[in-house]
Each structure stands twice: as C-alpha cells, then as structure tokens.
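Trainee: A structural model of the following input is requested.
(4 chains)
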4 protein chains.
Amino acid sequence: MSDKKLTNKKLKVGIVGGTGYTGVELLRLLSMHPNVALTAITSRGEAGMPVAEMFPSLRAYVDLNFTDPAQANLTVCDVVFFATPHGVAMSQAEVLLASNVKVIDLAADFRLQDITIFEKWYKLSHSCPAILSDAVYGIPELYREQIKSAKVIGNPGCYPTTVLLGLAPLLEEGLIDFSAPIVADAKSGVSGAGRKAEVATLFAEASDNMKAYAVAGHRHHPEIHAQLTKLAGTEVQFIFVPHLIPMIRGMLSTIYVKLSDKAKGLDLQALYEQRYQHERFVDVLPAGVLPETRSVRGSNQIRIALHKQGDTGYLTLIVVQDNLVKGAAGQAVQNMNIMFDFPENTGLEVVPLLP
Amino acid sequence: MSDKKLTNKKLKVGIVGGTGYTGVELLRLLSMHPNVALTAITSRGEAGMPVAEMFPSLRAYVDLNFTDPAQANLTVCDVVFFATPHGVAMSQAEVLLASNVKVIDLAADFRLQDITIFEKWYKLSHSCPAILSDAVYGIPELYREQIKSAKVIGNPGCYPTTVLLGLAPLLEEGLIDFSAPIVADAKSGVSGAGRKAEVATLFAEASDNMKAYAVAGHRHHPEIHAQLTKLAGTEVQFIFVPHLIPMIRGMLSTIYVKLSDKAKGLDLQALYEQRYQHERFVDVLPAGVLPETRSVRGSNQIRIALHKQGDTGYLTLIVVQDNLVKGAAGQAVQNMNIMFDFPENTGLEVVPLLP
Amino acid sequence: MSDKKLTNKKLKVGIVGGTGYTGVELLRLLSMHPNVALTAITSRGEAGMPVAEMFPSLRAYVDLNFTDPAQANLTVCDVVFFATPHGVAMSQAEVLLASNVKVIDLAADFRLQDITIFEKWYKLSHSCPAILSDAVYGIPELYREQIKSAKVIGNPGCYPTTVLLGLAPLLEEGLIDFSAPIVADAKSGVSGAGRKAEVATLFAEASDNMKAYAVAGHRHHPEIHAQLTKLAGTEVQFIFVPHLIPMIRGMLSTIYVKLSDKAKGLDLQALYEQRYQHERFVDVLPAGVLPETRSVRGSNQIRIALHKQGDTGYLTLIVVQDNLVKGAAGQAVQNMNIMFDFPENTGLEVVPLLP
Amino acid sequence: MSDKKLTNKKLKVGIVGGTGYTGVELLRLLSMHPNVALTAITSRGEAGMPVAEMFPSLRAYVDLNFTDPAQANLTVCDVVFFATPHGVAMSQAEVLLASNVKVIDLAADFRLQDITIFEKWYKLSHSCPAILSDAVYGIPELYREQIKSAKVIGNPGCYPTTVLLGLAPLLEEGLIDFSAPIVADAKSGVSGAGRKAEVATLFAEASDNMKAYAVAGHRHHPEIHAQLTKLAGTEVQFIFVPHLIPMIRGMLSTIYVKLSDKAKGLDLQALYEQRYQHERFVDVLPAGVLPETRSVRGSNQIRIALHKQGDTGYLTLIVVQDNLVKGAAGQAVQNMNIMFDFPENTGLEVVPLLP
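Mentor: Predicted coordinates:
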C-alpha cells in the first residue's frame, strides 16, 4: 500500500452517541488512526463520565469524557460521525454543514433517496430533503468518486453491504436473470441489535439458540432493494430473511441468484477476482474455499465465495464481514479516509482476531 | 393423550455404538421409557467402562457397562438401534433379522433406495440390497403405515427431516411450481458433527463463528432429493446449503419455494394446520409467529412457520427441530413406538429446556 | 424408587410471577408432575397472554393464560409458589395462610431469620415477622423434618444451596478449623441474573467474557453466613466471591476450607458418601472424578467432589448444580413434595441434557 | 509513548510450530510489527501449505508457506520463537545459540530451573541444563534487566503470569502472612487447551458448561510455586485450582491471600498503583472497579483489582489477561522488544476488541 498521501494533518473528529456498539467501535479504530484527533464524544445519558470508564477496553487509548450533546461544540470539528438512533443526524446536519463540518451518519437518515419509503419504514418525517439529495451512499467500492467530494455520507446498513458487494459484479455486467427473485438468507451476530437493554437479546435468551426474524419486513429490505434496482437499471424482486445467530460479531449472507444465459458461459470466479483486484477490503476467495465469519473478526475485510449450483442455473454467493466494522464503523472510517484524501486503509490495518 | 395401548411389556433394547451424541441421546430417552429394558450397549473402544462414567448425566439412570461388539449377544433383543458410522448396520442386519430382531439404523445404510447413489456418496458398497429394499424411511408423519410393519428402519438424516416435513403439505397437494429450484438454507448446531475429535469443531474454532460448508455436495442432498422427487411424483431441482452455527443443539431450515398458480389462492396456513392437526410432534405455529431453536431443545417437537413473500410468488418456510431428537434419537424412538404398537409419544413427553 | 406414597391426589397449584426464569422452570417441572393441577399463574404485565405464547417451549404442556395478580383467586390453591422479586411473598403470605394455602417463596423474604440483616441487605422492612419465625429454610437434605410440617418455605438462594450442601458433612461432624475463613469461589451461568432487560447481561456483553462481581457484598453472603453459623454452632468467617460465566445454566462452587486436626485422619470421601447415601438428589462423585455443570443441566441433581490439598491441611470441595433447578425451581418442587407427602422425587426424574 | 529508540532495523524472525494458537497469535502480532521480517515458519505436518490457507485471517498479512522443520534454515534468523510442544526448544537451542540466534520458548523447557521438578512434571529429561541455567523467566515486569541481555527466554505459562503479577507487590514488600496457603482459583478460556483435536474441548462438550480440572496437580503449580518462593524468599504454600470456562480467550485468576500484620495498616491500592505506574501493560484498576476478561481481548494488557475482605484479614486479587497475548504470544513479543532494544510496546498497541 502506498503511503504517499499520508500527511501529518490531524482531523478534528466528533462522535455523536458514543455509547453504543458502533460508537465504541469507532473509538477503537479512531483512537489508533494516525490522522485523527478525537475532539468530542457526546452522550445524553452519560455526560461527564470518562469514556474509558464505560468501556475499559479503551483505558490508555481514549482520555475524553462524554459530553452533553447540547454543550458539545461540534462545529469546530472537521467531521462528525453519528452513531445514534435514526433521526438524530438529520436534525443536526444543517448546522454542521453550515460550519463546513462533514457528516457521516451510521443510522438510516441519509441512506434512502426516496423519502416516501424512508418515512414509511422509519416512521419519521425527513427534516432535510435537500441535504439528503446531495448525500452519498457510502460503499466505497461502488461510489468512491462521489464519496471523495461528499459532504454527507449515508453509511450503509450492515446487511446491505454484504448483499450489494456480493452482487455488484453480476449486476454491473448484466448477468442476472431477473425472472426469479434474488434471495438473500442473511445471518447476523447479536451485536447487530445494538447495546440496548432488551429481553430478546439477553445472553440467556440468545445463546445456544437461533431464529429468523423480521420475515415480514426488515428495514434493510428497502435499502437493498433500492440499490439493487439502481445497479441493475431495472426493478428487481428481492427476498430477504435475516436470522439472529449466537455470536457477538459477524455476518454471513448466503445469496441465491438465477444467472442469465450470458453468465452461464463465463468464468465468474475470474470476473469477481478482476472486479475487486484493487480493492483492499474486498477479498474474493479462491474457488472452492468458503469463508468463516471469524476470519474477519475485528477487521474491515469482506470475503466473498462463489459456487455454481450444478445444472440449476443458479449461483450461490457467500459473503462474510464483521457487522460492526465493514458493516458499520470500519466502513465509516474508510469513507472518512476517502473524503479527506488519506490512503483508504489508514487506521484500518487490523489483523482479524482468530481464534 | 390416550394411554390405552400402554402395556406392561418391556422391550429388550440394544444400542450399537453408544458413545456418540445420538447414542447418549438414545440413552437419555430410553432410560426413562416405561416399556424399555436397556439390555446391551456396545462400544469397540470403551468395552468394560460403565456408561455413566463416560456420561455422568446418566448416573442413577443407566447402570450398564459398554460391551465389546463381538461379545454382545444382541440377538436376544427385540430391537437394536445403530448409532454408528455408516456401514455398520448393514453388516449386522442380516444376523439380527434372522433372529427376529428389528433394526433401527440412525446412519445412512437404509435411507437411500438407489444403491448407485448410496455408493457414490458414501464410498461403500452396499452389503445387503435385499434388506434395503424392504427397509422403510423412518419419518412417521409420512410413512407411518409402512413403519408399523417394518423390520428395518432407515432413520432419516437431521436436515432431511426438517425439509421434508416442511414441504410435505405442498408436495402432497401439488402446490409447488417446479420451474424454479427449491432452495433450503439450513443451519445446524455443532453437535450435528458428532462426538469426534476434530479441529474444526473445537470450541475455540466453532464458537463466536459461523460458516457455510459442503456447498459443493452434502450427503443429505441426495437423500432429500430422492424423497422430494418421490413425494412430488416428478423430478425436483433442489439447492441445499448447510451452515454450522455456534450452538450445541438445534437446527433451523429456511426453505424458499415457488408456489404454483393453484397455491396462490389457497390459505396455506390452514392447509398446514389441517395436515398436521393429529401429529403430536409437528407444531404449525400461528400465522406471524416465528420459531426459535431453543423452543424445542431436548424435545421431539418440530415447529413450522409459513410466510408468503409479498407478490414474488414465493413461500418461505421456517422449520426448527432439535437435531439430536426429532432429527435423530427421538425420531428413532418414535419409530420404535410405532413398530411395537406403543402410543407414539411414549417416553417422548419431555418439556423443552428453556432457557 | 418406591412409589408407594403416590396417590391420585392433584394439588391445586398457583404461581405468582410466572414470567421470569424461575417461573418458566416451575412450569416446566409442574406441568409434568402427576399430582399437580396448575390453577393460576399471575403476571402484572402480561395478564391475558397465554403462557405458551411467551414461552413456546410450553406449547402442548401449559394451556393457562397469565392472570392479573389482583384478580387471581389464589386462595383456592393448596400451595402457591412466589417466583417474584423480593418483598412480594411477604405482602401476600398472611392472606394465603389464613385460607390454609401453603407458601413457597423463591425470593428472599423467608430465608433470613434475622430481620435486621434482611432489612439491611434488601432495603425492605419485613411486613410479617411472625410468619417469618415459623418459616423453614428449604433445603430438604438439612431440614426435611421441619419442611414436612411447614406452612411457609423460604426456598434458598442458588449459591447457598451449593455451599451448604458442600460443607454440611464437615460442619455436622465438627471437622473444620475455623481459625481460617471458609472461602467460596462461586461461578454462575447468566440465567442467575434473571429475565430482566439489562445491558450487563446482553449476549454481546456477557458472551465470550467473564468477571467477578459483588465482591464487596452479595446478598447470598449473609444467607450463607447465617446457615454456616447455625450448622457450625459457632461464628464462622466466610469469604464469598461470585463470578458470572458465559453459560445459560449451571453453577459451580469451589470451596476452600481448613480441616481440623480431627479431620486429617478421617476418610472424608467415605464420610460424604455415607452422609448422602439416601439422598436422591445429592451425588458424591467417586474419588478423583470432577463434575461438569452440564452433567446436571435441567435436573435437580447436585454433585460434589472432594480433594485434599496435599499437605496444606486444606480441603477443596467442588459442587455443581443447575442454578434454576436444584438452585431454585427444582428444590421448590422437592419441598412441595415433602410438604404434601409425595415421594420426594415425583416430577423431578428428568435426565440431564447432555450435550 | 516515546518512540525514540525506534529504528529501521528489521529483525529476521523464525517461528517453529506455527499451526497452534500461540503460533497464529505470534503471526498476528509480528506481521504488524514494524521491525520484524517474518523469515520462516515451520510445521512438520503442513510443510508447503501457505500459512494464510490454514489461517485465512492472515490473508494479505502473511505471505509465507509453512516449511519442513528439517529444511528451515533458522540459523539465519536473529530470533526464533518456539510455539511447540514441550521438549522441542531444548532440542534445538544449542544449534541456534551457536549461530548467535536468540531463543524465546513459549513451552516449558526453560521455565523451571529445578531439573528434577521439570522432569517429574513433564516426563522428559532435560537435554541442555547448561543453557537452562542461563535462561531467563520472561515476565518483563519482574525480570526486565535480565531479559535485556538474555539469549534464551522461558516464556511463562498463562496462569503463572496472572498469579505472579497479581502477587508481586505484596511479595516484594513482605506483606503476606504465609501461615495460610495462598489460594489461586483460576479460570481459563478454552483456547488455553490448544488447537489439538480432542473430545473434551469440542464445542458441543465445552460450550454452556464449565468444570474444574487438574485439581490433583497442574503443571503450572510447580512453576508458580517456584517463582512465589523465589520472590518471597521463603517456602510458600500454594493451592491452585484451574477451571475451564466456555469462552475462546480470556483468563481470570481470583487470588486469596492472608495479609501480614504490617499490611493491614497500609494503603494497598496505592502500593499497587505505584508499583506498576510505569508498566505499560499492567493496569491497576481504580478501587471498587472489577475487570472483565473482554476488556483485554486481543491485547497485551493485564488488569488487576484488589479487595480487602472485611475483617477477615484476607485480600482478594482479581487479575485478567488474554491468555494468548499477555499469557503467551504478546508477552513473548514484549520480551523480544526488550532483548533487541525496541520500545517495549512496539507492535503491541492493539486496542482490545469489545464487544
């Protein structure tokens, strides 16, 4: 990796809502980022508490206290990450942009360009449609050029990242037969549910157990659907069934897709390897190798395997990522690196933790 | 539940290969079965060791020692279960049958009627094709009448039980459009891999981790395929992707199937409830309710949920069972109850362990 | 096991607070108890909801709905279990006793005879000291005779059951040198924290992780201390450090005790075996065998191992139980059996679930 | 942290036995170490296989293949780590030292200075007593000066590191009353058992389960005992009970020690904070705060909490580390940094992975 663009510049970085899992994950990554000066971390409930008291893993790495959002002077920052519930970023974006602060929202406020769909699924009216229309959907491997000049990033949901990077090479080349729906059977670790006190995600409920959930409609369905349709250039039927798996981190999506006639003669393995050969964080596995979620634990890597299903005309894609890193905080940092012209992997070269 | 058929008869029961997970599970169930006298439990490696020394959970319940297979007089038994690797049951079945001993094989020797397919997938020549042709595939809810008079049962694999009971009502009524393949995305707890010392299933490898495996071909694929084709009365295309999940027990299969035009107007929920209304161990969940694997932990129950996928024309089925009970030992005991004319639930009324 | 006392009598049983883990565990055991008719299950928050909707494991076993406590006519019951927060049982005991209903409290209201200590640790004033003074501490192996005629049982805490049954043979024989404190290093599965929505017991917090907690004072310390002192006939110094372990169920207490000179010449293994030889639920393991928590998973068994620590003069005791069964609901049912003169193991012969 | 000693020097580093957990952990840390050039990784069984094929987490980080030990030219290295079974390092140390290669053994060959004890516990004759007598026991916080000039390091066992760093401040100041034995009740994640195919550490055996083991004698007992005695300057009685906990990584030792009269009046919290104030990897927690194992997951940190047990005269110490990092590979790298005069934390600033 070339470090030629690495400068001594230190960005002033703010985090709104630092007490959830994407918050602590941003802190883990940003505290070791050579070009970042953590400037403010807000929490309504925990103002005044040292961050490292709530997250002892950050002792010796983060010296800040949580600040009350009302008091945090976020406008001095170069960039502010929102690791908040849906609806918070859009309420603050305007003020920040006016102060020339860039915004990376890890919630859904800037992911869906269709406001009707946003309001239907999130039960919120969108407070800044003008900003939304300039926001960029933050998957660097798909929208790198737009991200470079973006002021607002809608950082994607965890599930969408796996499905979209899994399907992009096929969509870009027109290799899918849309007469059959695309099926994504997705599996997520429990941290995906966040750090909220809820019975359903207690250890004694979620351990040694699994289930499908939100079969009748998950908020990532419209997000994936919109992107699939955009990349395909045509309306796409999409079936999405998420499952909750008793592991802390990790996401595996198994995608079933009907190949077009054109695809059947192609070397899809080669196509994928070529498509992603310059992507630091997308790893197409050798033919016949299947990925494990732990192979990306704690890292920004996404790994993809392909398997043609005999003579059925279907392709199975298996995609793994760490839901909190490439599926959330790591991708957000990757977006920040692009926006501020740092090498894309700065602060993101963390070897996965195995075992 | 009617107990009218309950007699004081005690069957003499033998278990060949009692040291694996299906073995200890048979012991758990049979030690509390009012009509069973455990007579012999064999193990090549552990002959002489008290069963309860290897499995302390059985202290106070099982007093037997493991016996050397060569010395075990299994011909005095009424029924012998094989909880052995593939190939053992077929080598001993003839002698047992000659002594009027019934055989329930929990391995694959008597599951596949097509010997060519058996030999291809299991790399074994079949030593008793004549017995095989009389063997019954042991899913009571599909083949109860044949089981009643069977002398040899091929107890189904764990995955097949979920897929076949999940699809049976549609297959029986001709409600599937076979122009698209049936997709079964299946997830299993680690006990499904058995009690063999292997690196891949060590705690430090399999915990906080998941993966797909055997995508290029799992032995349960031909088994399911043969039964689907039989029940459908036509060749069926079937895609099967199993996944290893970090839980001890439990299996969840998510099945995606294209409905025929005829199906689209029907109340499939009602159809399923009606099909299984008299089945003690098949529980069709109310519309909108999704099953968790722990809801059947330790029990012979299988639970099924249906969800129509909007206007795609596809139905999703979600099926859970305990892979060691309804997926193995419990179903074997259920088969035994039918073969010996006990009430089908005898010894199988164990409330699932939750949490 | 003799069934000679088994009658056809069906007790009317009520459960107050059936939505927590001890509640669902009582339901698991009582729904299969041949002498029990579940009559009422109350829940303030869930009145009207079918019990089996909250706990699908109970489908086909429990047909009742939760009832509002204010409306439940508990006075028709023969016995009422309180699976509630501390303070509830003492507020209702008087009315129930007046109607000749026996009370088994799984919370702390009737465990501590010293009201000052109760009020200090539980921050509640005791509302019925007269009833308390008649209440019996419900460890059958220590207080069976008193339990037979008791009207109110203070069912012990989970930790105390392991420590007290672990030490009773030594205490009864005067074999401990009290010049050194008794140390109990105790480990509990997460279900011990109950089914409350709390961040600290989320899967993503408690999994792949462990910690000591309440080192400065756990409520079971005074409970154990009071019983130790009673059994020893002298003031005992007692150090207690509980730990939270990433497993659903299971408790293991490692107890370090200084032996008296008298003890040093004795065969303590034989002493323990003799002390508990007629106790169905206490299993002294053979010398050299160590217990696993899973060997009692789902069962009312408690297993004890002893090890003399070389020439240090100390004995280590290792005691395992299922914290929800012998540590809570199972022991409560055992107490009920004694109070109503059923064979003590009625409804409690459940083989542990392994694996 | 000062980087003043950081040079551009790249050490040539060899690893013998790279296929176990300490091996892959060395690779994780060394592949990111700015002063290390991985030169050879040997494995008898896997020679020729790319390291990243066995450990996909290392894709993009480690390009080497495993080499046959017989063919590996380890004498070109500056330092060789042995992540092998006991007995391998001592068979190769002489040749390496003759070529001026330093040796860091993560097994036991150079931990115990008393050969009689070594041979008793490890059932191996020691092949190079002369080298052993020059070897240094590799806990930097205790033996930093000796490590600087050492040619051979006996890297400590995982348990000993927690116990010795937990007790060192008391031992150094003579604050323990040795009339009572020191008790260490220690808990380890399953990775401590290594990456060997064994039934006892299978997921389905070790998950949702815990046990004490090796109560009659664990190999770390003599190691700890020897060091305690050395640090105390007197013979110390020591009771050690290890437990296996269902987590991948992490170790927590709870230590019970009788304080001397001198200690009773001291501020032990302050003493500990002062003793370790300049130690980058030892973190004394604020009074009243208890550590979780996950707070050090993946990092070289060790955290210590103290609690005086009321008026018993005993102190409880609670010490956590990642058994594979500070308990093995991380400490080995720390030792390497000292031996080669790099800043001690080089390559070891990895933020713990939480959640």
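
Trainee: So which residues of chain A form strands?
Mentor: Ranges of strands in chain A, per DSSP state E, are A:11-16, A:36-42, A:66-67, A:79-82, A:102-105, A:136-137, A:152-154, A:182-189, A:211-212, A:238-245, A:251-258, A:282-284, A:302-308, A:314-321.

Trainee: packing partners for the third one?
Mentor: Just to be clear, that refers to strand A:66-67. Identification of packing neighbours for strand A:66-67 by 3 or more CB pairs under 8 Å, 6 or more residues apart in numbering or on different chains; DSSP states H and E yields strand A:36-42. C-beta: built from backbone N, CA, C; applies to glycine.

Trainee: Output the strand it packs on as CSV, nothing but the C-alphas.
Mentor: Presented in CSV, the C-alpha positions along strand A:36-42 are these (Å, rounded to 0.1, in the frame of the first residue of the first chain):
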residue,chain,number,x,y,z
VAL,A,36,-7.4,11.8,13.9
ALA,A,37,-7.7,13.9,17.0
LEU,A,38,-10.8,12.8,18.9
THR,A,39,-12.4,16.0,19.9
ALA,A,40,-15.8,15.3,21.3
ILE,A,41,-17.9,12.3,22.1
THR,A,42,-21.5,13.0,23.1
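
Trainee: Could you dump the strands of chain A into CSV with mean pLDDT added?
Mentor: CSV is the format used below for the strands of chain A (pLDDT from 0 to 100):
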stretch, mean pLDDT
strand A:11-16, 98
strand A:36-42, 96
strand A:66-67, 96
strand A:79-82, 98
strand A:102-105, 98
strand A:136-137, 98
strand A:152-154, 98
strand A:182-189, 98
strand A:211-212, 98
strand A:238-245, 98
strand A:251-258, 98
strand A:282-284, 98
strand A:302-308, 97
strand A:314-321, 98
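
Trainee: Tabulate these (JSON lines), appending mean neighbour count.
Mentor: Supplementary listing: the strands of chain A in JSON lines, determined by neighbours: other CB atoms under 10 Å in any protein chain shown:
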{"stretch": "strand A:11-16", "mean neighbour count": "24"}
{"stretch": "strand A:36-42", "mean neighbour count": "22"}
{"stretch": "strand A:66-67", "mean neighbour count": "23"}
{"stretch": "strand A:79-82", "mean neighbour count": "28"}
{"stretch": "strand A:102-105", "mean neighbour count": "26"}
{"stretch": "strand A:136-137", "mean neighbour count": "23"}
{"stretch": "strand A:152-154", "mean neighbour count": "26"}
{"stretch": "strand A:182-189", "mean neighbour count": "27"}
{"stretch": "strand A:211-212", "mean neighbour count": "22"}
{"stretch": "strand A:238-245", "mean neighbour count": "24"}
{"stretch": "strand A:251-258", "mean neighbour count": "25"}
{"stretch": "strand A:282-284", "mean neighbour count": "22"}
{"stretch": "strand A:302-308", "mean neighbour count": "24"}
{"stretch": "strand A:314-321", "mean neighbour count": "25"}
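
Trainee: could the ones you listed be laid out in a markdown table, adding distance to residue D:51?
Mentor: Below are the strands of chain A laid out as a markdown table (distance: least, CB to CB, whole Å):
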| stretch | distance to residue D:51 |
| --- | --- |
| strand A:11-16 | 36 |
| strand A:36-42 | 32 |
| strand A:66-67 | 42 |
| strand A:79-82 | 35 |
| strand A:102-105 | 36 |
| strand A:136-137 | 37 |
| strand A:152-154 | 36 |
| strand A:182-189 | 27 |
| strand A:211-212 | 37 |
| strand A:238-245 | 28 |
| strand A:251-258 | 24 |
| strand A:282-284 | 16 |
| strand A:302-308 | 17 |
| strand A:314-321 | 20 |
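
Trainee: how about the helices in chain A?
Mentor: A:21-30, A:51-54, A:88-98, A:115-122, A:129-134, A:140-148, A:158-173, A:203-206, A:220-232, A:261-264, A:268-275, A:330-339 (DSSP state H).

Trainee: mind checking which of those is nearest chain D?
Mentor: Closest of the helices of chain A to chain D is helix A:21-30, at 4.6 Å (criterion: CB to the nearest CB).

Trainee: Is that closest one positioned near chain B?
Mentor: No. Helix A:21-30 lies out of reach of chain B by CB under 8 Å from any CB of the partner chain, never closer than 14.9 Å.

Trainee: Residues of chain A that sit close to chain D?
Mentor: Checking chain A against chain D by CB under 8 Å from any CB, the hits are A:21, A:24, A:28, A:31-32, A:55-61, A:191, A:195, A:207-208, A:248-249, A:280, A:283, A:285, A:289, A:291-292, A:294-299, A:301, A:303, A:324, A:349-355.

Trainee: So the most far-flung residue of chain A relative to its centre versus residue B:105, what's the distance?
Mentor: Here the centre of chain A is the reference, and by CA atoms, centre = their mean the most remote residue is residue A:311, at 34.2 Å. Separation of residue A:311 from residue B:105 (CB to CB, to the nearest Å): 32 Å.

Trainee: Over to residue A:196?
Mentor: For residue A:196, the distance to residue B:105 - CB to CB - is 49 Å.

Trainee: same check, this time on residue A:331
Mentor: Residue A:331 is 51 Å from residue B:105, by CB to CB.

Trainee: Then residue A:132?
Mentor: 62 Å.

Trainee: where does chain A dip in pLDDT?
Mentor: A:1-8 (pLDDT under 70).

Trainee: How many residues are close by residue A:147?
Mentor: The number of residues packed near residue A:147 is 21, by other CB atoms under 10 Å in any protein chain shown.

Trainee: contacting residues around the residue lying closest to it once chain neighbours are set aside?
Mentor: Once flanking residues are discounted, residue A:147 sits nearest to residue A:338: 4.7 Å by CB to CB, 6 or more residues apart in numbering or on different chains. Residue A:338 makes contacts with A:140, A:144, A:147-148, A:344, as judged by CB atoms under 8 Å, 6 or more residues apart in numbering or on different chains.

Trainee: Which single one of the residues you listed is nearest to chain C?
Mentor: residue A:140 (26.7 Å).

Trainee: which residues touch the closest one?
Mentor: Counting by CB under 8 Å, 6+ apart, residue A:140 touches A:147, A:281, A:331, A:334-335, A:338, A:344.

Trainee: How about stretch A:293-306 and chain C, any contact?
Mentor: No. When contact is scored as CB under 8 Å from any CB, no part of stretch A:293-306 falls within range of chain C; the minimum is 10.6 Å.
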